[in-house]
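> this is the structure alone, sequence omitted:
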DNA sequence: GCTTGATCCTCTAGTGACTAGAGGATGCAG
DNA sequence: CTGCATCCTCTAGTCACTAGAGGATCAAGC
(Lines give C-alpha, C1' and ligand atoms only; values in the text may rest on other atoms or scores of the structure.)
Protein backbone atom coordinates (compact mmCIF):
# COMPACT_ATOMS: atom_id res chain seq x y z
CA UNK A 1 0.00 0.00 0.00
CA UNK A 2 1.73 3.16 -1.18
CA UNK A 3 2.03 5.99 1.32
CA UNK A 4 1.15 9.56 0.52
CA UNK A 5 2.11 12.88 2.07
CA UNK A 6 -0.56 15.54 2.29
CA UNK A 7 1.08 17.31 -0.62
CA UNK A 8 1.05 14.18 -2.76
CA UNK A 9 -2.58 13.60 -1.90
CA UNK A 10 -3.34 17.20 -2.83
CA UNK A 11 -1.63 16.79 -6.17
CA UNK A 12 -3.30 13.45 -6.89
CA UNK A 13 -6.81 14.77 -6.22
CA UNK A 14 -6.35 18.41 -7.18
CA UNK A 15 -7.59 19.47 -3.76
CA UNK A 16 -5.56 22.07 -1.89
CA UNK A 17 -3.51 21.06 1.14
CA UNK A 18 -5.35 23.52 3.35
CA UNK A 19 -8.68 22.14 2.15
CA UNK A 20 -7.61 18.60 3.04
CA UNK A 21 -6.76 19.73 6.56
CA UNK A 22 -10.09 21.54 6.67
CA UNK A 23 -11.97 18.38 5.66
CA UNK A 24 -10.20 16.53 8.43
CA UNK A 25 -11.19 19.24 10.89
CA UNK A 26 -14.89 19.06 10.02
CA UNK A 27 -14.83 15.28 10.05
CA UNK A 28 -15.18 14.48 6.35
CA UNK A 29 -11.78 12.82 6.38
CA UNK A 30 -10.61 10.68 9.31
CA UNK A 31 -7.59 11.73 11.33
CA UNK A 32 -4.68 10.15 9.50
CA UNK A 33 -1.71 8.35 10.94
CA UNK A 34 1.31 10.51 11.66
CA UNK A 35 4.92 9.89 10.78
CA UNK A 36 7.54 10.32 13.48
CA UNK A 37 7.99 13.93 12.40
CA UNK A 38 4.29 14.57 13.01
CA UNK A 39 3.44 14.73 9.33
CA UNK A 40 0.21 13.25 8.04
CA UNK A 41 0.44 9.94 6.24
CA UNK A 42 -2.29 8.75 3.89
CA UNK A 43 -3.10 5.56 2.07
CA UNK A 44 -5.13 4.94 -1.05
CA UNK A 45 -8.39 4.58 0.82
CA UNK A 46 -8.20 8.21 1.82
CA UNK A 47 -7.41 9.07 -1.76
CA UNK A 48 -10.65 7.47 -2.96
CA UNK A 49 -12.57 9.09 -0.15
CA UNK A 50 -11.22 12.50 -1.04
CA UNK A 51 -11.97 11.93 -4.72
CA UNK A 52 -15.52 11.05 -3.74
CA UNK A 53 -15.83 14.24 -1.69
CA UNK A 54 -14.41 16.36 -4.47
CA UNK A 55 -16.73 14.90 -7.05
CA UNK A 56 -19.77 15.38 -4.84
CA UNK A 57 -18.76 18.99 -4.16
CA UNK A 58 -18.39 19.56 -7.88
CA UNK A 59 -21.94 18.33 -8.26
CA UNK A 60 -22.99 20.91 -5.70
CA UNK A 61 -23.73 18.64 -2.75
CA UNK A 62 -23.46 20.38 0.61
CA UNK A 63 -20.98 19.07 3.13
CA UNK A 64 -23.77 17.68 5.30
CA UNK A 65 -25.16 15.72 2.37
CA UNK A 66 -21.69 14.42 1.60
CA UNK A 67 -21.33 13.29 5.19
CA UNK A 68 -24.46 11.21 4.75
CA UNK A 69 -23.33 9.82 1.41
CA UNK A 70 -19.98 8.85 2.91
CA UNK A 71 -21.68 7.05 5.77
CA UNK A 72 -23.76 5.15 3.25
CA UNK A 73 -20.76 4.14 1.21
CA UNK A 74 -19.05 3.05 4.43
CA UNK A 75 -21.98 0.74 5.16
CA UNK A 76 -22.87 -0.96 1.87
CA UNK A 77 -25.43 -3.24 3.49
CA UNK A 78 -27.81 -0.33 4.09
CA UNK A 79 -30.61 0.63 1.77
CA UNK A 80 -29.63 3.24 -0.77
CA UNK A 81 -32.95 5.03 -0.53
CA UNK A 82 -31.34 7.99 1.19
CA UNK A 83 -28.68 8.34 -1.48
CA UNK A 84 -31.35 8.41 -4.18
CA UNK A 85 -33.27 11.01 -2.21
CA UNK A 86 -30.25 13.25 -1.76
CA UNK A 87 -29.43 13.07 -5.45
CA UNK A 88 -33.00 13.92 -6.38
CA UNK A 89 -33.03 16.86 -3.97
CA UNK A 90 -29.79 18.12 -5.40
CA UNK A 91 -31.18 17.87 -8.92
CA UNK A 92 -34.26 19.83 -7.86
CA UNK A 93 -32.08 22.50 -6.27
CA UNK A 94 -29.99 22.83 -9.42
CA UNK A 95 -33.14 23.05 -11.54
CA UNK A 96 -34.50 25.86 -9.44
CA UNK A 97 -31.19 27.74 -9.48
CA UNK A 98 -31.15 27.51 -13.25
CA UNK A 99 -34.71 28.83 -13.46
CA UNK A 100 -33.88 31.80 -11.26
CA UNK A 101 -30.72 32.58 -13.12
CA UNK A 102 -32.54 32.48 -16.42
CA UNK A 103 -35.02 35.04 -15.15
CA UNK A 104 -32.10 37.21 -14.07
CA UNK A 105 -30.44 36.78 -17.43
CA UNK A 106 -33.55 38.05 -19.19
CA UNK A 107 -33.62 41.10 -16.96
CA UNK A 108 -29.93 41.77 -17.38
CA UNK A 109 -30.16 41.43 -21.13
CA UNK A 110 -32.77 44.15 -21.10
CA UNK A 111 -30.50 46.28 -18.95
CA UNK A 112 -27.48 45.71 -21.16
CA UNK A 113 -29.32 46.26 -24.42
CA UNK A 114 -30.47 49.61 -23.08
CA UNK A 115 -26.89 50.75 -22.58
CA UNK A 116 -26.35 54.34 -23.60
CA UNK A 117 -23.35 56.30 -24.81
CA UNK A 118 -24.11 59.48 -22.91
CA UNK A 119 -24.09 60.69 -19.35
CA UNK A 120 -25.45 58.92 -16.32
CA UNK A 121 -28.27 61.44 -16.24
CA UNK A 122 -29.93 59.64 -19.12
CA UNK A 123 -28.41 56.23 -18.60
CA UNK A 124 -30.88 53.41 -18.95
CA UNK A 125 -28.78 51.02 -16.88
CA UNK A 126 -28.98 53.20 -13.80
CA UNK A 127 -32.59 54.04 -14.48
CA UNK A 128 -33.68 50.45 -14.84
CA UNK A 129 -31.84 49.55 -11.67
CA UNK A 130 -33.55 52.42 -9.89
CA UNK A 131 -37.02 51.33 -10.76
CA UNK A 132 -38.08 47.77 -10.29
CA UNK A 133 -41.33 48.45 -12.12
CA UNK A 134 -39.37 48.39 -15.36
CA UNK A 135 -38.91 44.70 -14.89
CA UNK A 136 -40.83 42.36 -17.12
CA UNK A 137 -41.05 39.63 -14.53
CA UNK A 138 -40.56 39.20 -10.84
CA UNK A 139 -37.12 38.03 -9.89
CA UNK A 140 -36.38 36.79 -6.45
CA UNK A 141 -33.47 37.40 -4.20
CA UNK A 142 -30.43 35.37 -5.13
CA UNK A 143 -30.04 34.08 -1.61
CA UNK A 144 -31.02 30.63 -2.80
CA UNK A 145 -28.65 30.81 -5.72
CA UNK A 146 -25.50 30.11 -3.81
CA UNK A 147 -24.13 26.78 -4.74
CA UNK B 1 -41.05 65.08 3.19
CA UNK B 2 -42.46 62.12 5.12
CA UNK B 3 -40.30 60.62 7.82
CA UNK B 4 -39.66 56.91 8.18
CA UNK B 5 -38.52 54.72 11.04
CA UNK B 6 -36.16 51.87 10.24
CA UNK B 7 -39.07 49.47 10.59
CA UNK B 8 -41.22 51.44 8.17
CA UNK B 9 -38.32 51.59 5.72
CA UNK B 10 -37.88 47.85 6.08
CA UNK B 11 -41.55 47.25 5.38
CA UNK B 12 -41.62 49.63 2.43
CA UNK B 13 -38.63 48.02 0.71
CA UNK B 14 -38.98 44.46 1.99
CA UNK B 15 -35.44 44.60 3.34
CA UNK B 16 -34.85 43.39 6.87
CA UNK B 17 -34.11 45.88 9.63
CA UNK B 18 -30.82 44.19 10.43
CA UNK B 19 -29.83 44.31 6.78
CA UNK B 20 -30.50 48.04 6.64
CA UNK B 21 -28.21 48.58 9.62
CA UNK B 22 -25.67 46.35 7.94
CA UNK B 23 -25.81 48.41 4.74
CA UNK B 24 -25.22 51.51 6.81
CA UNK B 25 -22.24 49.86 8.47
CA UNK B 26 -20.57 48.96 5.18
CA UNK B 27 -21.27 52.38 3.73
CA UNK B 28 -23.95 51.56 1.17
CA UNK B 29 -26.41 53.74 3.04
CA UNK B 30 -25.38 57.04 4.63
CA UNK B 31 -25.62 57.48 8.39
CA UNK B 32 -29.14 58.76 8.94
CA UNK B 33 -30.30 61.52 11.22
CA UNK B 34 -31.33 60.44 14.70
CA UNK B 35 -34.41 61.35 16.67
CA UNK B 36 -34.01 62.53 20.26
CA UNK B 37 -34.43 58.94 21.41
CA UNK B 38 -31.47 57.88 19.25
CA UNK B 39 -33.63 56.13 16.69
CA UNK B 40 -32.80 56.34 13.02
CA UNK B 41 -34.89 58.67 10.90
CA UNK B 42 -35.09 58.27 7.13
CA UNK B 43 -36.53 60.27 4.27
CA UNK B 44 -37.66 59.18 0.83
CA UNK B 45 -34.25 59.62 -0.73
CA UNK B 46 -32.96 56.78 1.41
CA UNK B 47 -35.97 54.76 0.41
CA UNK B 48 -35.08 55.08 -3.29
CA UNK B 49 -31.46 54.36 -2.55
CA UNK B 50 -32.36 51.20 -0.68
CA UNK B 51 -34.74 50.13 -3.44
CA UNK B 52 -31.88 50.60 -5.90
CA UNK B 53 -29.58 48.47 -3.75
CA UNK B 54 -32.17 45.77 -3.33
CA UNK B 55 -32.89 45.58 -7.01
CA UNK B 56 -29.23 45.43 -7.91
CA UNK B 57 -28.67 42.65 -5.36
CA UNK B 58 -31.59 40.73 -6.83
CA UNK B 59 -29.86 40.97 -10.17
CA UNK B 60 -26.78 39.47 -8.56
CA UNK B 61 -24.52 42.51 -8.43
CA UNK B 62 -21.85 42.33 -5.73
CA UNK B 63 -21.80 44.99 -3.07
CA UNK B 64 -18.66 46.54 -4.54
CA UNK B 65 -20.33 46.87 -7.93
CA UNK B 66 -23.36 48.43 -6.27
CA UNK B 67 -21.12 50.93 -4.53
CA UNK B 68 -19.83 51.99 -7.93
CA UNK B 69 -23.31 52.14 -9.43
CA UNK B 70 -24.51 54.28 -6.52
CA UNK B 71 -21.60 56.67 -6.99
CA UNK B 72 -22.52 56.95 -10.64
CA UNK B 73 -26.14 57.66 -9.91
CA UNK B 74 -25.03 60.26 -7.35
CA UNK B 75 -23.05 62.03 -10.09
CA UNK B 76 -25.26 62.09 -13.19
CA UNK B 77 -22.83 64.24 -15.13
CA UNK B 78 -20.35 61.36 -15.41
CA UNK B 79 -20.11 59.04 -18.35
CA UNK B 80 -22.15 55.90 -17.91
CA UNK B 81 -19.54 53.71 -19.58
CA UNK B 82 -18.74 52.06 -16.28
CA UNK B 83 -22.37 51.24 -15.57
CA UNK B 84 -22.70 49.59 -18.96
CA UNK B 85 -19.52 47.63 -18.32
CA UNK B 86 -20.68 46.41 -14.94
CA UNK B 87 -24.00 45.29 -16.36
CA UNK B 88 -22.29 43.44 -19.19
CA UNK B 89 -19.91 41.74 -16.75
CA UNK B 90 -22.81 40.69 -14.59
CA UNK B 91 -24.62 39.27 -17.60
CA UNK B 92 -21.53 37.30 -18.59
CA UNK B 93 -21.21 35.96 -15.04
CA UNK B 94 -24.84 34.85 -15.03
CA UNK B 95 -24.39 33.21 -18.43
CA UNK B 96 -21.43 31.23 -17.22
CA UNK B 97 -23.18 30.18 -14.03
CA UNK B 98 -26.10 28.91 -16.09
CA UNK B 99 -23.77 26.96 -18.36
CA UNK B 100 -22.05 25.32 -15.40
CA UNK B 101 -25.31 24.49 -13.71
CA UNK B 102 -26.65 22.92 -16.88
CA UNK B 103 -23.62 20.66 -17.07
CA UNK B 104 -24.22 19.70 -13.45
CA UNK B 105 -27.87 19.07 -14.16
CA UNK B 106 -26.98 16.66 -16.93
CA UNK B 107 -24.66 14.79 -14.61
CA UNK B 108 -27.17 14.70 -11.80
CA UNK B 109 -29.89 13.48 -14.10
CA UNK B 110 -27.69 10.55 -14.99
CA UNK B 111 -27.07 9.91 -11.30
CA UNK B 112 -30.75 10.10 -10.43
CA UNK B 113 -31.91 7.98 -13.33
CA UNK B 114 -29.48 5.29 -12.19
CA UNK B 115 -31.14 5.13 -8.77
CA UNK B 116 -31.52 1.59 -7.53
CA UNK B 117 -33.93 -0.09 -5.15
CA UNK B 118 -31.38 -2.31 -3.49
CA UNK B 119 -28.48 -1.98 -1.10
CA UNK B 120 -25.72 0.59 -1.20
CA UNK B 121 -23.34 -2.13 -2.29
CA UNK B 122 -24.79 -2.01 -5.78
CA UNK B 123 -26.07 1.54 -5.70
CA UNK B 124 -25.32 3.49 -8.83
CA UNK B 125 -25.60 6.85 -7.07
CA UNK B 126 -22.73 6.07 -4.75
CA UNK B 127 -20.79 4.40 -7.49
CA UNK B 128 -21.10 7.28 -9.90
CA UNK B 129 -20.06 9.67 -7.18
CA UNK B 130 -17.06 7.51 -6.41
CA UNK B 131 -15.74 7.51 -9.91
CA UNK B 132 -15.44 10.70 -11.85
CA UNK B 133 -14.61 8.74 -14.99
CA UNK B 134 -18.30 7.86 -15.27
CA UNK B 135 -18.99 11.47 -16.13
CA UNK B 136 -19.92 12.32 -19.66
CA UNK B 137 -18.38 15.77 -19.52
CA UNK B 138 -16.00 17.70 -17.35
CA UNK B 139 -17.71 19.76 -14.73
CA UNK B 140 -15.86 22.39 -12.83
CA UNK B 141 -15.93 23.22 -9.18
CA UNK B 142 -18.98 25.21 -8.21
CA UNK B 143 -16.86 27.83 -6.48
CA UNK B 144 -17.78 30.31 -9.18
CA UNK B 145 -21.43 29.42 -8.91
CA UNK B 146 -22.14 31.42 -5.78
CA UNK B 147 -24.33 34.33 -6.65
C1' DG C 1 -51.13 54.38 35.93
C1' DC C 2 -49.85 49.75 34.44
C1' DT C 3 -48.93 46.05 31.66
C1' DT C 4 -47.90 43.91 27.44
C1' DG C 5 -45.85 43.43 23.26
C1' DA C 6 -43.70 45.63 19.43
C1' DT C 7 -39.99 48.20 18.06
C1' DC C 8 -35.69 50.16 18.65
C1' DC C 9 -30.57 50.42 20.23
C1' DT C 10 -25.47 48.37 20.29
C1' DC C 11 -22.43 44.71 20.13
C1' DT C 12 -20.86 40.12 19.25
C1' DA C 13 -20.76 35.90 17.01
C1' DG C 14 -22.41 32.51 13.63
C1' DT C 15 -23.28 30.83 8.69
C1' DG C 16 -20.70 27.78 4.49
C1' DA C 17 -16.81 26.30 2.52
C1' DC C 18 -13.05 27.40 2.34
C1' DT C 19 -8.55 30.71 1.92
C1' DA C 20 -4.63 33.28 3.56
C1' DG C 21 -1.15 34.38 6.60
C1' DA C 22 1.93 34.23 10.84
C1' DG C 23 5.55 31.91 12.80
C1' DG C 24 8.13 28.08 13.02
C1' DA C 25 10.10 23.05 12.18
C1' DT C 26 11.73 19.70 9.03
C1' DG C 27 13.35 17.55 4.62
C1' DC C 28 15.88 17.38 0.42
C1' DA C 29 18.92 18.80 -3.52
C1' DG C 30 23.01 20.82 -5.14
C1' DC D 1 25.64 24.17 4.15
C1' DT D 2 22.52 26.88 2.13
C1' DG D 3 18.45 27.54 0.11
C1' DC D 4 13.86 26.36 -0.89
C1' DA D 5 9.91 23.39 -0.63
C1' DT D 6 6.98 21.24 2.32
C1' DC D 7 5.03 20.49 6.55
C1' DC D 8 2.98 21.85 11.29
C1' DT D 9 -0.63 24.70 14.29
C1' DC D 10 -3.43 28.49 15.02
C1' DT D 11 -5.89 32.59 13.89
C1' DA D 12 -8.43 35.50 11.11
C1' DG D 13 -10.45 36.87 6.73
C1' DT D 14 -13.88 36.18 2.80
C1' DC D 15 -19.24 37.37 1.34
C1' DA D 16 -23.58 39.11 2.50
C1' DC D 17 -25.92 38.78 5.66
C1' DT D 18 -28.46 36.55 10.08
C1' DA D 19 -29.24 35.63 14.91
C1' DG D 20 -29.00 36.51 19.55
C1' DA D 21 -27.88 38.90 24.07
C1' DG D 22 -29.13 42.46 26.89
C1' DG D 23 -31.35 46.43 27.37
C1' DA D 24 -34.28 50.99 26.38
C1' DT D 25 -38.34 53.04 24.62
C1' DC D 26 -42.99 53.43 22.63
C1' DA D 27 -48.04 52.76 21.69
C1' DA D 28 -52.27 50.63 22.86
C1' DG D 29 -55.55 48.68 25.82
C1' DC D 30 -57.42 48.19 30.56
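Structure received. In this text the structure is predicted, and so the values were computed from the model without any measurement.
> in chain A, what residue comes closest to DNA strand D?
Distances between chain A and DNA strand D by Cβ to the nearest atom of the strand are smallest at residue A:7, namely 2.4 Å. Quick note: C-beta positions are derived from backbone N, CA and C, even for glycine.
> relative to residue A:20, how far out is that residue?
9 Å (Cβ to Cβ, to the nearest Å).
> quick check: mean pLDDT of the helix or strand hosting the residue of chain A closest to DNA strand D?
If you go by DSSP states H and E, residue A:7 is part of helix A:6-13. What helix A:6-13 shows for mean pLDDT is 95.
> how far out from the middle of the chain is it?
Chain-centre distance of helix A:6-13: 20 Å, with Cα atoms, centre = their mean, to the nearest Å.
> same check on stretch A:61-70?
Distance, centroid of stretch A:61-70 to centroid of chain: 11 Å (Cα atoms, centre = their mean).
> is any residue of that stretch near chain B?
Yes. If you take Cβ under 8 Å from any Cβ of the partner chain as the test, stretch A:61-70 does meet chain B, through residue A:69.
> and the contacts of that stretch?
A:26-28, A:49, A:52-53, A:56-57, A:82-83, A:86, A:89-90, B:125-126, B:129 (Cβ atoms under 8 Å, 6 or more residues apart in numbering or on different chains).
> same deal with stretch A:33-51?
A:1-6, A:8-9, A:12-13, A:15, A:20, A:23, A:29-30, A:32, A:70, B:130, B:132.
> re the thing from before, quick one: which of residue A:7 and residue A:20 has more around it?
More crowded of residue A:7 and residue A:20, by other Cβ atoms under 10 Å in any protein chain shown: residue A:20, with 23 against 12.
> tell me the confidence at that one?
97.
> go on, residue A:128?
For residue A:128, the predicted pLDDT is 68.
> still on that earlier bit, list the buried residues of the helix holding residue A:7.
A:6, A:9, A:10, A:13 (16 or more other Cβ atoms under 10 Å in any protein chain shown).
> show me where chain A has its strands.
A:33-34, A:40-41 (DSSP state E).
> which of those is buried the deepest?
strand A:40-41 (a mean of 17; mean count of other Cβ atoms under 10 Å in any protein chain shown).
> now do that one: distance to the chain's middle.
That offset, for strand A:40-41, works out to 27 Å (Cα atoms, centre = their mean).
> strand partners (parallel or antiparallel) of it?
strand A:33-34 (antiparallel) (DSSP bridges).
> circling back to that earlier point, is DNA strand C contacted by the helix holding residue A:7?
No. If you take Cβ under 7 Å from any atom of the strand as the test, helix A:6-13 misses DNA strand C, and the best it gets is 10.2 Å.
> packing partners of that helix?
Secondary-structure packing of helix A:6-13 (3 or more Cβ pairs under 8 Å, 6 or more residues apart in numbering or on different chains; DSSP states H and E): helix A:17-25, helix A:44-58.
> how does chain A divide up, domain by domain?
Split into domains by automatic domain parsing, chain A comes to A:6-61, A:81-139.
> okay, helices next: where are they in chain A?
Here chain A has its helices, by DSSP state H, at A:6-13, A:17-25, A:44-58, A:63-74, A:81-113, A:124-130.
> pretty sure the residue of chain A closest to DNA strand D is touching residue A:16, no?
No. Using Cβ atoms under 8 Å, residue A:7 makes no contact with residue A:16, being 10.2 Å away.
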